[in-house]
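Student: Any chance you could fold what I've pasted below:
(one chain, ligands or ions: 2)
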Amino acid sequence: MKKVIIIGCGAMGGAILSGCLAHDIWKKEEVSVREHSEEASAAKAKQYGTEVCHDLKEAETADLVLIAVKPNIVPSVLEELRPHHPKKVISIAAAVALETLEKGLPDAEIVRVMPNTPASVGEGMTAIAPGKKASDELVKTTEEIFTALGKAAVVTERQLDELGALSGAGPGYAFVIIDALADAGVLVGLPRKLAIEAAAQTLYGAAKMVLETGKHPAELRDQVTSPGGTTIAGIYAMEKRGIRAALIDGVKACLDRSDEMSGK
Ligand SMILES: NC(=O)C1=CN([C@@H]2O[C@H](COP(=O)(O)OP(=O)(O)OC[C@H]3O[C@@H](n4cnc5c(N)ncnc54)[C@H](OP(=O)(O)O)[C@@H]3O)[C@@H](O)[C@H]2O)C=CC1
Ligand SMILES: O=C(O)[C@@H]1CCC=N1
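Tutor: Numbering: from 1, shown residues only. Ligands and ions are numbered 1, 2, ... in the order given. Take a look at the predicted model:
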């Protein structure tokens, strides 16, 4: 039996946990969760049907420790963990560099990972950057976990930060776009529920076409835009309002904030 400790079982830690349980990567009894208090840990354990990590001493014998707290909490978690010499650690914290993690836990094999919340429904996109001491086995285990929860790519640490701004934060952008398209549907007369379903399914279907055909998105867009037709009129109006520049600026601002947070 494996022993996995999840430190911080919020939006992302919980998404990874539910994905791993659903895909039989971990069994409930193999996982213990730790929150900032015993009470909070018990509540999360009850929610997911897992065990509670009562004492970080348990990290001494754990096969894997997943750090999934907010970046500003990571230093205190590293301090708490250090005396217990965890062997294998995955950190999903944005803007907390491998160098910082390796200084905090000098004995551990460490991998930095940038997942996203669609991992909870098996459609995640995860970047994996191995630390200096990370064994091939830990990288393989990490790839196995996140491939089961969607797509995963082993990349450099800089690319992980860049992907953080694209795919890590990306679901946030996508939900805004879906919400805005649904508003547009309501504006032209559709019921809200139908408008949300149509907006979400349309983005999902378009994304699937890009992934399955391997065609450039511009080529697929051309198939929708008849000359002098309706779609090109819509795209022209959106381009005039700077839709592309808004998205590019958004990703750049996200990366700049990540660099600022990690002191670059
Ligand atoms: N959300 C996302 O889409 C993504 C997040 N990440 C990264 O994942 C990490 C977690 O983010 P997210 O899940 O959104 O944050 P959440 O706040 O949802 O989750 C963090 C959890 O950690 C708990 N916590 C706080 N202090 C401690 C502590 N000392 N020990 C144990 N648990 C503690 C929090 O409890 P409480 O709420 O009571 O404080 C909360 O349940 C961040 O570092 C973020 O950068 C990476 C990719 C995507
Ligand atoms: O906004 C955040 O801090 C996290 C990092 C990537 C997605 N969400």
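Student: What parts of the stretch 151-264 of the chain come near ligand 2?
Tutor: Residues of the stretch 151-264 of the chain lying close to ligand 2 by C-beta under 6 Å from any ligand atom are 164, 168, 169. C-beta here means a position set from N, CA and C on the backbone, and glycine is covered the same way.
Student: and the first one, how far is that from residue 94?
Tutor: Spelled out, it's residue 164. 5 Å (C-beta to C-beta, to the nearest Å).
Student: Now do the same for residue 2: its pLDDT.
Tutor: pLDDT recorded at residue 2 is 84.
Student: Might you enumerate the residues of the stretch 151-264 of the chain proximal to ligand 1?
Tutor: residue 168.
Student: where do the helices sit along the stretch 151-264 of the chain?
Tutor: Ranges of helices in the stretch 151-264 of the chain, per DSSP state H, counting those that start in this stretch, are 157-163, 170-187, 192-213, 217-222, 230-240, 243-261.
Student: Could you report the neighbour count for the closest residue to residue 185 other than its chain neighbours?
Tutor: With sequence-adjacent residues excluded and distances taken as C-beta to C-beta, 6 or more residues apart in numbering, residue 185 is closest to residue 195, at 3.0 Å. Neighbourhood size, residue 195 [other C-beta atoms under 10 Å]: 21.
Student: Among the residues of the stretch 151-264 of the chain next to ligand 2, which are located in strands?
Tutor: Of those, none are assigned to strands by DSSP state E.
Student: most surrounded residue in the residues you listed?
Tutor: Counting by other C-beta under 10 Å, top hit in these: residue 168 with 25 neighbours.
Student: tell me the pLDDT at residue 142?
Tutor: 97.
Student: And it, which helix or strand is it part of?
Tutor: helix 136-148 (DSSP states H and E).
Student: Correct me if wrong: residue 149 contacts residue 122.
Tutor: Yes. The pair formed by residue 149 and residue 122 meets the contact definition of C-beta atoms under 8 Å, at 6.0 Å.
Student: shared neighbours, the two?
Tutor: 19, 23 (C-beta atoms under 8 Å, 6 or more residues apart in numbering).
Student: Give me the more crowded residue out of the two.
Tutor: residue 149 (27 against 12).
Student: what's the distance between the more buried one and residue 245?
Tutor: In terms of C-beta to C-beta, residue 149 sits 32 Å off from residue 245.
Student: ok, now residue 261?
Tutor: From residue 261 to residue 245 the distance is 24 Å (C-beta to C-beta).
Student: Which one of these two is surrounded by more residues?
Tutor: Neighbours were counted for residue 261 and for residue 245 using other C-beta under 10 Å; residue 261 has more, 14 against 10.
Student: can you pull the pLDDT of the nearest residue to that one once chain neighbours are set aside?
Tutor: Leaving aside its sequence neighbours, residue 261 sits nearest to residue 95 (C-beta to C-beta, 6+ apart; 3.8 Å). Per-residue pLDDT puts residue 95 at 95.
Student: Run a quick neighbour tally on residue 95.
Tutor: 19.
Student: Which residues are in contact with it?
Tutor: 71, 161, 164, 258, 259, 261, 262.
Student: Output these in a markdown table, with pLDDT appended to each entry.
Tutor: Shown next, in a markdown table, are these (pLDDT from 0 to 100):
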| residue | pLDDT |
| --- | --- |
| 71 | 96 |
| 161 | 98 |
| 164 | 98 |
| 258 | 96 |
| 259 | 96 |
| 261 | 94 |
| 262 | 91 |
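Student: Of those residues, just say which sits nearest to ligand 2.
Tutor: residue 164 (5.3 Å; C-beta to the nearest ligand atom).
Student: Neighbours of the residue nearest to that closest one when sequence neighbours are not counted, how many?
Tutor: Distances taken as C-beta to C-beta, 6+ apart place residue 114 nearest to residue 164, at 4.6 Å, with adjacent residues excluded. Neighbours of residue 114 under the rule other C-beta under 10 Å: 30.
Student: again with residue 262
Tutor: Using other C-beta under 10 Å as the criterion, the residues surrounding residue 262 number 16.
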